[in-house]
Each structure stands twice: as structure tokens, then as C-alpha cells.
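Chemist: okay, sequence plus prediction incoming.
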Amino acid sequence: MIAIGKVLAVHASALEVRLPFASIGEGVCVHAQGSLVRGEVSGVMQGRAIVLAHDPCGGVRAGDEAVSEAHALCAPLGMQLLGRCVDARGCPIDGGRAVRAPLRPLAVSAPHPHERAAIDDSLWTGVRAIDALLTIGRGARIGIFGPPGAGKSTLLHAIARGTYADAIVIGLIGERGREAEEWMRAAPRHAAIVCATSDRSAPERIRAARLAIAQAHALRSRGLHVLLILDSVARYAGALREVALARGETAGRAGYPPGVFAQLAASLEVAGAMNGGSITLVATVLSDGDERDPVSDAARSLLDGHIQLSSSLAAAGRFPAIDVPLSASRTMNEVVSARHRGDAALVHAALASLAETADARRLGMQPVEAQAAKAAAAEPALVAFLRQGGRPEDPAATLSQLAALADTLR
Ligand SMILES: Nc1ncnc2c1ncn2[C@@H]1O[C@H](COP(=O)(O)OP(=O)(O)O)[C@@H](O)[C@H]1O
Ligand SMILES: [Mg+2]
């Protein structure tokens, strides 16, 4: 049923609307002079609906017509979006023509447990350290954690360049405009970019994240294996927090209302493998080493693996600055061969031992224990193996280098 109402008051990114039978989550279009503003009912009180505007509400005035319309919460999604860069509304920002694709709802739900398929295949990324030691299962959810400037976004670029996926969806949420431009220049042709930079309103940033997730969902429904990149989940959570606080929810840890983590979980749960098609999620999580940071805490528990970047490795110019001993892939064991698993375990142990003996070795003390001594002798080879420039490495080459490295540690 379509209900017609009226705008009563306008705030920065929310509208108060008199709208009969309004209910939370409903889509609303406001026909303002010269513009259409879409939004979503986020609260109903005393005959007024609070509508979060997904578009800038600069031109809206009290008295404008507001209509409940499901398509306010839809966007053009599907194959036609590949090779394109769009904003939170699905409008092109790449200078190209409007995207001609069927309108689909932005709200998508996670697959039911019985619809999920086991993760039993690997997703090669072309990044040696990941493919060899932190192998990602197709359909897994992986977080790239690190402080600002540790190389999270650059690692995402490398993964997008080197990954064997049918399609890539890149959601840029709350990052700088320059990054969007870099992605537009560098993204492969089978990638779709959805972008809401830090200057956009919180509802727009949330809508962009949902659009990226819904786009990945639409492609998986066609049987494609999709890589979904989100940069960054921390900024997405920040936008959810802003909206929840504005709605009057009570702040919890570090100012985050508890509902934010439920929403975050629901979004990340959409990823996964199904029979025919998968979404592998690789998301960045800003973490400055503060263990009490609730977003990285929540993300860690929601994800199937974490790749920890280290600012000291970055400062030493050792890129990608992956701190292997602090990283883990929970899907690795299901998707690699026994040989690969054994080789990787040896290298993991050697890297952990190097980290443990680093202080002593800096003081000139060499380890005497046999394994630690072997690790110390192999250090230059280990560092060379982990270090990688911009070119993706063929997974077969990665595995044979890993095997050779492991042999020196036996
Ligand atoms: N693989 C790399 N090779 C060389 N320099 C890198 C690499 N990754 C990151 N950097 C350097 O670190 C800077 C910050 O990287 P970026 O990916 O933007 O970090 P983050 O997203 O974690 O803030 C880059 O501008 C670049 O100078
Ligand atoms: Mg970044």
C-alpha cells in the first residue's frame, strides 16, 4: 500500500514526516523542489515518522510531499554494475551513463545454515604471504587489521589485482576521495565500486555499504564467486553508531550502542559459500593496538580470519607489512593440501621463533636451540619470501617457494 504524507520538519540528515501507517524500515521518497530525496523510516512517535535521508536534504521544505515507496530502498544491481563506480544511490560517479539494471532491494539477508556450503576451496590472492601462510577459503570472511598507514588499502589493491574471482565488489565507506579515484583508475574490469567518502552523511555511508553487500549478493545469486572488499568496516561501524545515537539509543562501550554490533554482524553474515556461488569478504579494520577497541573486538569474533599489519614492519619498508605470528586464517586447514599445511606450519613456527628471539639477537646473542638457530639462519630467506612488490605471484610458484623454504627448516 502506498501512503502519502507531508514533511513536518527538516534536520541535517533526517526528516520528520506525517505518514499514515509508517513502520520502521519502510522506504520513503520526498518529492522536493528539483530533487528526490530517498530515505528510510527509523522511528515512529506521536504521529510522526523519523526518516533517515539517504540523499542530501538541502532542498527539502516543510510541507513537501512524502510517499512510502519500496523502491526508495532499492538500487540498480547486477552484472551491469561491473566496470562501473557508483555512489550510495547507485548513480554513476565515473562520468559514464546511468546504470541500466533491474532495481533490487538493498536489504539482503544471510543465507540460512542449510543453504550454506562447506568452505572447501581456496581463494588465491596473488599475495605470497597470504596464499602460503594464511590461505583464504572461498566464502570466508577475513579482516585486515592495522593502524593508519600500515598499508591496509594498498594490500586490498594487491588482492584485487591478483585474486582469482569471477567478480569483485569494492565498497569504499568513509575513506578519502583520493582513494576512490585510485580505485577507479586501477580496478579490474570485472569490478564494481560503490563509494561514500568521509564527507557524506552517515546514512549515505551506511547505504553505500549495504549497496555493496547487496551487489555481491546479486552476483552470488547468479552463481558467481565474488570477492567483496570493504574499506573500511570501522568507518561503517562509525556511521552505524552516529545514526543509532541520533535515534536515541543508549551508548555502550566506547560510545557504541549495542545494536550497532548486531547490525554489523548481520551485514558480515551475508558473505559465505553457497551451492554454486560464494562471497568472500575481505574488510579492513582500523585498529591502533588498543585491545579495548570494541569494533576490532567485534570484528575479530565475527570474522574467519585476521591479517594483522604492523606499523614497525611498514616503517622498516617491509611490505606487505603482515605480522604473520599475530595473524590467522581459520579456513586454511580445510582448503589446503597436507603438504602445504605442513610446510606452512614450519614457516609459522620459524617466524614465531624469530619474533621471540628478536630482542636477544639484537644484543648479539644467537639462539642455541636447534629450531630457533635454523630459523635465525633462514631469516633472510623468510624476509625475502614475505616481501613482495606490486606484481601478483602465481600460486603454484608461491607453493614451490614455500616448500623450498620449509625444507631449510626441517
Ligand atoms: N606494498 C607497499 N609497498 C610500498 N609502500 C607501501 C605499501 N603499502 C603501503 N605503503 C606505503 O604506506 C602508505 C599508507 O598505505 P595505505 O595502504 O594507505 O595504509 P592504510 O590504508 O593502512 O592507512 C602508502 O602511501 C605507501 O607509502
Ligand atoms: Mg586505508
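Modeler: Thanks, I have the structure now. Ligands and ions are numbered 1, 2, ... in the order given.
Chemist: list the buried residues for stretch 320-334?
Modeler: Applying a neighbour-count criterion of 16 or more other Cβ atoms under 10 Å, one finds 320, 321, 322, 323, 324, 325, 327, 328, 329, 331, 332 buried in stretch 320-334. Glycine gets a C-beta too; all of them are placed from N, C-alpha and C.
Chemist: so the residue nearest to residue 80 when sequence neighbours are not counted, which state does it fall into?
Modeler: In space, and not counting its chain neighbours, residue 80 is closest to residue 101: 3.9 Å by Cβ to Cβ, 6 or more residues apart in numbering. Put simply, residue 101 is coil when judged by DSSP: H, G, I helix; E, B strand; the rest coil.
Chemist: sec struct for the residue lying farthest from the centre of the chain, please.
Modeler: The C-alpha centroid of the chain is most remote from residue 368, which lies 43.6 Å away (Cα atoms, centre = their mean). Here residue 368 is recorded as coil under three-state DSSP.
Chemist: quick check: pLDDT value at it.
Modeler: Looking at residue 368, its pLDDT is 84.
Chemist: list the residues that contact it.
Modeler: With contact set as Cβ atoms under 8 Å, 6 or more residues apart in numbering, residue 368 has no partners.
Chemist: measure the nearest residue to residue 310 once chain neighbours are set aside to residue 206 for me?
Modeler: Leaving aside its chain neighbours, residue 310 sits nearest to residue 323 (4.1 Å; criterion: Cβ to Cβ, 6+ apart). With distances taken as Cβ to Cβ, to the nearest Å, residue 323 is found 31 Å from residue 206.
Chemist: among the buried residues of stretch 320-334, which are within reach of ligand 1?
Modeler: The subset of the buried residues of stretch 320-334 within reach of ligand 1, by Cβ under 6 Å from any ligand atom, is residue 320.
Chemist: okay, now residue 31: neighbour count?
Modeler: Neighbourhood size, residue 31 [other Cβ atoms under 10 Å]: 14.
Chemist: for residue 20, see how far away it is.
Modeler: Relative to residue 20, and taking Cβ to Cβ, residue 31 is found at 17 Å.
Chemist: same check on residue 391?
Modeler: 60 Å.
Chemist: list the contacts of stretch 342-358.
Modeler: Residues contacting stretch 342-358 (Cβ under 8 Å, 6+ apart): 132-133, 135, 324-325, 332, 336, 367, 371-372, 374-376, 378-379, 382, 385, 399, 402-403, 405-406, 409-410.
Chemist: quick one: buried residues of it?
Modeler: Under 16+ other Cβ under 10 Å, the buried positions of stretch 342-358 are 343, 344, 346, 347, 348, 349, 350, 351, 353, 354, 357.
Chemist: how far away is the third one from ligand 2?
Modeler: Summarising the geometry, the distance separating residue 346 from ligand 2, computed by Cβ to the ion, to the nearest Å, is 33 Å.
Chemist: would you say that residue is within a helix?
Modeler: Yes. Counting by three-state DSSP, residue 346 is located in a helix.
Chemist: what average pLDDT does the lengthiest strand in the chain get?
Modeler: Longest strand of the chain, by residue count under DSSP state E: strand 35-45. Averaged over strand 35-45, pLDDT sits at 91.
Chemist: and stretch 133-145, end to end?
Modeler: Across stretch 133-145, the straight-line distance between its terminal residues is 16 Å, by Cα to Cα, to the nearest Å.
Chemist: likewise stretch 304-322?
Modeler: Start-to-end, stretch 304-322 (Cα to Cα) is 17 Å.
Chemist: and if you look at stretch 316-336?
Modeler: 31 Å.
Chemist: any residue of that stretch up close to ligand 2?
Modeler: No. Stretch 316-336 stays clear of ligand 2 (Cβ under 5 Å from the ion), getting no nearer than 12.8 Å.
Chemist: and that stretch, what's its mean pLDDT?
Modeler: On average, stretch 316-336 scores 96.
Chemist: also stretch 225-234?
Modeler: Here the average pLDDT along stretch 225-234 is 96.
Chemist: and for stretch 70-86?
Modeler: On average, stretch 70-86 scores 95.
Chemist: try stretch 240-256
Modeler: Stretch 240-256 comes out at a mean pLDDT of 89.
Chemist: in that stretch, what's buried?
Modeler: Quick answer for stretch 240-256 (16+ other Cβ under 10 Å): 240, 241, 242, 243, 244, 245, 246, 256.
Chemist: show residues contacting the helix or strand encompassing the second one.
Modeler: Per DSSP states H and E, residue 241 falls inside helix 233-246. If you take Cβ under 8 Å, 6+ apart as the criterion, helix 233-246 is touched by 14, 42, 52, 143, 173-175, 198, 202-203, 205-206, 209, 230, 251, 255-257, 259-260, 263-264, 267-268, 283-287, 295-296, 298-299.
Chemist: close to ligand 1, is that helix?
Modeler: No. Contact of helix 233-246 with ligand 1 (Cβ under 6 Å from any ligand atom) is absent, the minimum separation being 10.9 Å.
Chemist: now do the strands in the stretch 201-350 of the chain.
Modeler: 225-231, 272-273, 278-286, 305-308, 328-329 (DSSP state E, counting those that start in this stretch).
Chemist: name the helices or strands packed onto the last one?
Modeler: Which is strand 328-329. Where contact means 3 or more Cβ pairs under 8 Å, 6 or more residues apart in numbering; DSSP states H and E, strand 328-329 is packed against strand 305-308.
Chemist: recalculate using a threshold of 10 Å.
Modeler: The contact analysis (3 or more Cβ pairs under 10 Å, 6 or more residues apart in numbering; DSSP states H and E) places strand 328-329 against helix 128-133, strand 305-308.
Chemist: and if you look at the second one?
Modeler: Using 3+ Cβ pairs under 10 Å, 6+ apart, the elements in contact with strand 272-273 are strand 278-286.
Chemist: tell me how far the strand it packs on lies from the chain's centre.
Modeler: 4 Å (Cα atoms, centre = their mean, to the nearest Å).
Chemist: give me the sheet partners of that strand and which way each runs.
Modeler: strand 141-146 (parallel), strand 225-231 (parallel), strand 272-273 (antiparallel) (DSSP bridges).
Chemist: done for today, thanks.
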